[in-house]
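With the input below, show me the fold.
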Amino acid sequence: MEYLQQSLLHDGNCTRTIPLDLLVEILYLLPTKSLIRFQSVSKLWFSTIHSKIFVDLFLTRSKARPRLLISMGDYGSKECFIFSAPEHDNNDDYKSSTVMARYEAPNLDPGYYLNSGSVNGFVCFRGVVPWLRDYNPITVYNPTTRQIVKLPDVTPNGRKMYTRLGYDPVEDQYKVLCVMMLDNKSRNNPQEHLVCTVSSSEKQEWRKIENTTGDSYHSIYGEICIDGAIYYRVGKSRIVKFNVRSEKIEFIKTPKESHISTTHHSILINYNGKLGGVHYLCTGNLMTLWVFEDVEKQEWSRMACIPCTWPGHVKSKGVIHTGELMLFNPWFYSSKPFYICYYDFNKKSIRKAEIRGLMMDGDSRRIHGIGETTGEKLCFPGHIENIRFL
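All right, here's what the predicted structure looks like:
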């Protein structure tokens, strides 16, 4: 706090009405929307809210209040609607509860879709423009500040392209990994890995990195960022680990019987700080949890094989702060309530929470161009509010 006060006063900012330490305490207690709005009150308030110490202080508070990030893609208008809602705590007294969603208004052009979760408060959108095959704009967005950072264009030359956002906590940097897959029809279009450091104040450029393992892959499934590393599944009992800081690629072997590297009914999770994988079968009502225990020996432990009763067709995008697996129905019907289910690995029980406020009434749907059904819906756990500007 003393360092923050000295740095702001050296900038020529001072106030005679409110001591700086009291000002910081007041700002710390304000809702996020108020903080963003109060930046324009004075230079002192702007400097205080934008200071790294205050941003980190606010981030610490946000990590104790994680939220769900809900993406609804409308096939008619080609727009993406983003909401957030509180992750519900595990309360033994209640098997069902209700939480209210909040519209985050991404302010992006039609054609942008969110297919991956939040990384330290930021998300990565990739544009899909069918009539421009090689044009795939990539954008990093902060739902809290509404800041949009567009990355330089990438030309895939007809190849499939995947993007993943990562965060390096050591250098405090966000980077986007772009993988362009091998084109089997043309030897002139090999697999490429590109990296871009996200910034609005410095020139951005894509850097080509070498895959020193010599191994290649043809598909990418899911992703998760844990302690400065991006993990994603590539099939054939393999998971790719990309170190965000060193920009190095390595492969992790998975047990063949685990199926966590291939199927769409598998996900990667952060299991108590370790890389984990969950394989779930809706038809057989079975689930298996795998945890990566030893990096050197490439050893996994099989934690559970649990019979469950799933609430219809479900999808999962990870675990919430309580360690419970989040499950949801990916098809959203505006006339029906939207429920999130949480599975407790230890208690072997399921509870659910209804998410309200997803523009269910007809007037709201008409204003935002949402039809009776919105197509696919995705729900990502672990989103935190971050007031940082890149």
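
how about the helices of this protein, start to end?
Applying DSSP state H to the chain gives helices spanning 2-10, 20-29, 32-37, 43-50, 52-63, 362-368.

other SSEs contacting the shortest one?
Applying 3 or more C-beta pairs under 8 Å, 6 or more residues apart in numbering; DSSP states H and E, one finds that helix 32-37 makes contact with no other helix or strand. The C-beta positions use only the backbone N, C-alpha and C, and glycine is treated the same way.

tell me the mean pLDDT for that helix?
Averaged across helix 32-37, the pLDDT comes to 88.

Which one of the helices of the chain has the poorest average confidence?
For the helices of the chain, mean pLDDT drops lowest on helix 2-10, to a mean of 47.

CA atoms only for the lengthiest strand in the chain - export them in CSV, please.
Assignment by DSSP state E gives strand 373-383 as the longest strand of the chain. Output of strand 373-383 as CSV, limited to C-alpha atoms (Å, rounded to 0.1, in the frame of the first residue of the first chain):
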residue,chain,number,x,y,z
THR,A,373,-33.8,-21.9,-29.9
THR,A,374,-30.2,-20.6,-30.0
GLY,A,375,-28.3,-23.7,-31.2
GLU,A,376,-25.4,-24.9,-29.2
LYS,A,377,-24.7,-23.6,-25.7
LEU,A,378,-21.3,-24.0,-23.9
CYS,A,379,-20.6,-23.4,-20.2
PHE,A,380,-17.1,-23.0,-18.8
PRO,A,381,-16.2,-23.0,-15.1
GLY,A,382,-13.4,-21.0,-13.4
HIS,A,383,-14.0,-17.5,-14.9
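
how about that strand: buried residues?
The neighbour-count check on strand 373-383 (16 or more other C-beta atoms under 10 Å) flags 373-374, 376-383 as buried.

Show me the strands in the stretch 201-350 of the chain, by range?
Secondary structure of the stretch 201-350 of the chain by DSSP state E, counting those that start in this stretch: the strands cover 207-209, 221-226, 229-233, 238-243, 248-253, 266-271, 274-281, 286-294, 299-307, 325-328, 331-333, 338-344, 349-356.

mind checking how far the last one is from the chain centre?
On the basis of C-alpha atoms, centre = their mean, to the nearest Å, the separation between the geometric centre of strand 349-356 and that of its chain is 21 Å.

Next, the angle from that strand to strand 338-344.
150 degrees (axes from the mean of the first three to the mean of the last three C-alpha atoms, to 10 degrees).

before we move on, what about the fifth one?
Put simply, strand 248-253 runs at 70 degrees to strand 338-344, going by the same axes, to 10 degrees.

All further residue positions should be reported with the first residue as 366.
Renumbered: residue one is now 366, and that last one reads strand 613-618.

Packing partners of strand 613-618?
strand 603-608.

ok so, going back, worst average pLDDT in the strands of the stretch 566-715 of the chain?
Mean pLDDT is lowest for strand 696-698 among these, at a mean of 67.

on that earlier part again, can the strands of the stretch 566-715 of the chain go into JSON lines with extra columns for mean neighbour count and distance to Thr463?
Shown next, in JSON lines, are these (neighbours: other C-beta atoms under 10 Å; distance: least, C-beta to C-beta, whole Å):
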{"stretch": "strand 572-574", "mean neighbour count": "12", "distance to Thr463": "46"}
{"stretch": "strand 586-591", "mean neighbour count": "22", "distance to Thr463": "28"}
{"stretch": "strand 594-598", "mean neighbour count": "22", "distance to Thr463": "34"}
{"stretch": "strand 603-608", "mean neighbour count": "20", "distance to Thr463": "37"}
{"stretch": "strand 613-618", "mean neighbour count": "16", "distance to Thr463": "40"}
{"stretch": "strand 631-636", "mean neighbour count": "22", "distance to Thr463": "26"}
{"stretch": "strand 639-646", "mean neighbour count": "21", "distance to Thr463": "25"}
{"stretch": "strand 651-659", "mean neighbour count": "18", "distance to Thr463": "26"}
{"stretch": "strand 664-672", "mean neighbour count": "13", "distance to Thr463": "27"}
{"stretch": "strand 690-693", "mean neighbour count": "24", "distance to Thr463": "15"}
{"stretch": "strand 696-698", "mean neighbour count": "16", "distance to Thr463": "17"}
{"stretch": "strand 703-709", "mean neighbour count": "20", "distance to Thr463": "10"}
{"stretch": "strand 714-721", "mean neighbour count": "17", "distance to Thr463": "5"}
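
now for those strands, which one comes closest to Val484?
Comparing the strands of the stretch 566-715 of the chain by their distance to Val484 (C-beta to C-beta), the top pick is strand 586-591, with 4.9 Å.

what residues does that closest one touch?
With contact meaning C-beta atoms under 8 Å, 6 or more residues apart in numbering, strand 586-591 is reached by 481-482, 484-485, 529-532, 595-600, 609, 626-627, 629, 631-635, 638, 640, 683.
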